[in-house]
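Visitor: Predicted model and sequence below, questions to follow.
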Amino acid sequence: MSKKRSIEEINDKIRKGKAVVLTAEQVSVMGKEMTPAEVMSRVDVVTTATFGPMCSSGVFINFGHSSPPMRMERLTLNNVPAYGGIAAVDAYLGATETAMPHDIYGGAHVIEDLIAGKDVLLQATGKGTDCYPRTEIKTLVNKNSINEFIMFNPRNAYQNYNVAVNSTPKIKFTYMGTLLPSFGNANFSTSGELSPLLNDPEMRTIGIGTRIFMGGTTGYVAWNGTQFNTGKPLNEKGIPVGNAATLSLIGDAKQMSTRFIRAAYFEKYGVSMFVGIGIPIPLVDEDIASRVLIRNSQIETNIIDYGSGNFEVLGRINYEKLFSGKITLKGKKIRTAPLSSVKVAREIADLLKKEVTEGRFFLTEPVAFFTKTAGLNKLEIRI
Amino acid sequence: MTSRRFVLTFPPDATGEPITYNLIKKYDIMVNIVKADVTPGKIGHLVMEMTATGKVLKEGMEYIRQQNVACEPIDKKITYREDLCIDCGACSAVCFPGALTMDRKTAELAFEPEKCVVCELCLTACPLKLFSIDLG
């Protein structure tokens, strides 16, 4: 019978300082010479990480009540609109929000400024009510003056993502970076064999309630992410080819660090935010042990033409080739470039490894698992 | 021998004189075209590096200007805030001369200024806006 290990056993080892923790890159090297059973017997936890641009991010803020109090209905932070249709002094600021369509400073920059401890200009208006008589306010706030500052990201940590190329004779500016004309480059965004959902592709250890590293502090998996899709074809290693599962994450932004949360602006596209995520994977059985051995050469994704407007799939490629700096497409050699920082992802995986090894981070059993069958609806134009 | 970069601006009614050919043949200047965007009937730009002795370079510039083509040396340099860089790699995507590359082992950005042609694409490609032009 194959070996099994409970989360409690692993946490007990962590408590005693006896847990063996490796990063997903380290264990992938180990996997070249060892069987999953051998890895299982030597390693308890594998840390995974990613640090890429993730648009679907933002923060809930409670500003506290002024005197006299106010029901903030329309509000901005450093002139960037935040959504106030929640409660009197609650708001949600989305990472991609900007005051004007072409602004290069947006919600993510406000979030980064707040995390850095800077003062941010809050301006709000409201109609005024008997219980909330104030109709406008203009003041400075920072992370110490506000009450809750909760990062809640509806969609992070994409399991896999497309490679973007441009077949047209014109330069294209996309969320996948600048795409040079006539297949001048190929951009991709992943931490590959270090990426969380590529190391547990069926999400057997990651679910609702999983404790994670988020932006420099502890966070939690809140739900499946939006656009969660289990219907993508799998390659021979059981890895979905193309964008598939996602995670919805929550954490205390007051404790986060600008080392792991960084605002970004993609030319002629808009504002986004780099989010640092680390997820420890407990080696509970040999199946999971075999999954974490995945290598870049075994992870594949689709090459998509972002230039022509119909997002045609032009081929399939593995991450080892993408990370090599050059791929061949239609007989032409194309330079490749990442958009996700493997360097910072490694830093996160190492940090998390240290936290677990030194007994400061314990693993969790998911409170509930994600659905096994989720597809995506198209938006029909009905009128 | 010195190497300098120049931007040549062609008027819409440029004569069609084979300028680069003459620079090579008549003046013995080593010419390396960095960027070209010249269409008949429109204002055109040519960025090129010329290598020769200082005296010959001066003669070459004179010759270009005689053809009613503006010729301005560019001594611009690209710099970036390495201390704030997150090594994402977005700038390396647009760097066709290969001055900005990702180190396969360390996953860090490497910048070789001598390969830079000051095309300025990295200025817009960097999502953190860390690049700037040093006008020398």
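Guide: Sure thing, it's come through.

Visitor: quick one, what contacts residue 102?
Guide: Assuming you mean chain A. Contacts here follow C-beta atoms under 8 Å, 6 or more residues apart in numbering or on different chains; on that basis residue A:102 touches nothing. From N, CA and C alone the C-beta is placed, and that goes for glycine too.

Visitor: that's the wrong chain, I meant chain B
Guide: Applying C-beta under 8 Å, 6+ apart, one finds that residue B:102 lies in contact with A:325, A:337, A:338, B:87, B:89, B:92, B:108, B:109, B:110.

Visitor: Show me which residues of the longest strand seen in chain A are buried.
Guide: Selection of the longest strand in chain A by residue count, based on DSSP state E, yields strand A:270-282. Residues A:270-282 are the ones in strand A:270-282 that count as buried (16 or more other C-beta atoms under 10 Å in any protein chain shown).

Visitor: What helices and strands are in contact with that strand?
Guide: Packed against strand A:270-282 by the contact rule (3 or more C-beta pairs under 8 Å, 6 or more residues apart in numbering or on different chains; DSSP states H and E) you find strand A:45-53, helix A:107-115, strand A:149-156, helix A:196-199, strand A:211-214, strand A:247-252, strand A:261-266, helix A:342-357.

Visitor: Output that strand as PDB, restricted to C-alpha atoms.
Guide: Below are the C-alpha coordinates for strand A:270-282, written out as PDB (Å, rounded to 0.1, in the frame of the first residue of the first chain):
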ATOM      1  CA  GLY A 270      -3.800  50.100 -18.600                       C
ATOM      2  CA  VAL A 271      -3.000  49.600 -15.000                       C
ATOM      3  CA  SER A 272      -2.400  46.200 -13.400                       C
ATOM      4  CA  MET A 273      -0.700  44.900 -10.300                       C
ATOM      5  CA  PHE A 274       2.100  42.400  -9.600                       C
ATOM      6  CA  VAL A 275       0.900  40.200  -6.700                       C
ATOM      7  CA  GLY A 276       3.300  37.900  -4.900                       C
ATOM      8  CA  ILE A 277       1.800  34.500  -3.900                       C
ATOM      9  CA  GLY A 278       3.300  31.500  -2.300                       C
ATOM     10  CA  ILE A 279       1.400  28.300  -1.500                       C
ATOM     11  CA  PRO A 280       2.900  25.300   0.400                       C
ATOM     12  CA  ILE A 281       1.900  21.900  -0.800                       C
ATOM     13  CA  PRO A 282       1.800  19.100   1.700                       C
END
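
Visitor: Mind checking what helix or strand follows that strand in sequence?
Guide: Beyond strand A:270-282 on the C-terminal side, the first helix or strand identified by DSSP states H and E is helix A:286-291.

Visitor: Could I get the average pLDDT for the helix or strand that that next one is followed by?
Guide: Using DSSP H and E, the helix or strand that directly follows helix A:286-291 along the chain is strand A:300-305. Confidence over strand A:300-305 (mean pLDDT, whole number) is 97.

Visitor: Find out how far the lengthiest helix in chain B is from the centre of the chain, if you would.
Guide: If you go by DSSP state H, chain B has its longest helix at helix B:54-66. Averaged C-alpha coordinates place helix B:54-66 at 18 Å from its chain's average position (C-alpha atoms, centre = their mean, to the nearest Å).

Visitor: Quick one: residues in contact with that helix.
Guide: With C-beta under 8 Å, 6+ apart as the test, helix B:54-66 has contacts from B:2, B:4, B:6, B:8, B:19, B:22-23, B:26-29, B:50, B:52, B:71.

Visitor: Let me know the outermost residue of the chain.
Guide: You didn't say which chain, so I picked chain A. With distances taken from the mean C-alpha point of chain A and given as C-alpha atoms, centre = their mean, the most distant residue is residue A:130, at 42.9 Å.

Visitor: Chain B was what I was after
Guide: Greatest distance from the centre of chain B, by C-alpha atoms, centre = their mean, belongs to residue B:105 (29.9 Å).

Visitor: that's a helix at it, yeah?
Guide: No: inclusion of residue B:105 in a helix is not indicated when DSSP: H, G, I helix; E, B strand; the rest coil is applied; the result is coil.

Visitor: So which residues on chain B come close to chain A?
Guide: Counting by C-beta under 8 Å from any C-beta of the partner chain, the residues of chain B lying close to chain A are B:86-90, B:92-94, B:96, B:101-102, B:104, B:106-108, B:121, B:124-125, B:127-129.

Visitor: In helices, which of the residues you listed fall?
Guide: Per DSSP H, these map to helices at B:90, B:92, B:93, B:94, B:121, B:124, B:125.

Visitor: excluding its backbone neighbours, what's nearest residue A:64?
Guide: The shortest distance from residue A:64 to any residue that is not its chain neighbour, by C-beta to C-beta, 6 or more residues apart in numbering or on different chains, is 5.4 Å, and that residue is residue A:147.

Visitor: again, but for residue A:122
Guide: The shortest distance from residue A:122 to any residue other than its chain neighbours is 4.9 Å, reached at residue A:141 (C-beta to C-beta, 6+ apart).

Visitor: Repeat that for residue A:262.
Guide: In space, residue A:262 comes closest to residue A:274 once its chain neighbours are excluded; the distance is 4.2 Å by C-beta to C-beta, 6+ apart.

Visitor: Mind listing the residues bridging to the one you found?
Guide: Partner residues in beta bridges with residue A:274, using DSSP bridges, are residue A:53, residue A:262.

Visitor: How about residue A:368?
Guide: When bridges are taken as DSSP bridges, the partners of residue A:368 come out as residue A:208.

Visitor: So it versus chain B, what's the distance?
Guide: With distances taken as C-beta to the nearest C-beta, to the nearest Å, residue A:368 is found 34 Å from chain B.

Visitor: Would you quantify the distance from whatever residue of the stretch 151-300 of chain A ends up closest to chain B to residue A:319?
Guide: Among all residues of the stretch 151-300 of chain A, residue A:264 sits closest to chain B, at 3.5 Å; criterion: C-beta to the nearest C-beta. Look at residue A:264 and residue A:319: by C-beta to C-beta, to the nearest Å, they are 22 Å apart.

Visitor: List only buried entries from the residues of chain B next to chain A.
Guide: The neighbour-count test (16+ other C-beta under 10 Å) applied to these identifies B:86-90, B:92-94, B:101-102, B:107-108, B:121, B:124-125, B:127-129 as buried.

Visitor: Contact residues of chain A facing chain B?
Guide: Applying the criterion C-beta under 8 Å from any C-beta, the portion of chain A that neighbours chain B consists of A:51-53, A:104, A:173, A:177-180, A:184-185, A:187, A:262-267, A:272, A:274, A:323-325, A:335, A:337-344, A:346.

Visitor: Buried subset of these, written for PyMOL?
Guide: Buried residues within these, by 16+ other C-beta under 10 Å, are selected in PyMOL with:
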select buried, chain A and resi 51+52+53+177+178+179+180+184+185+187+262+263+264+265+266+267+272+274+323+325+335+337+338+339+340+341+342+343+344+346
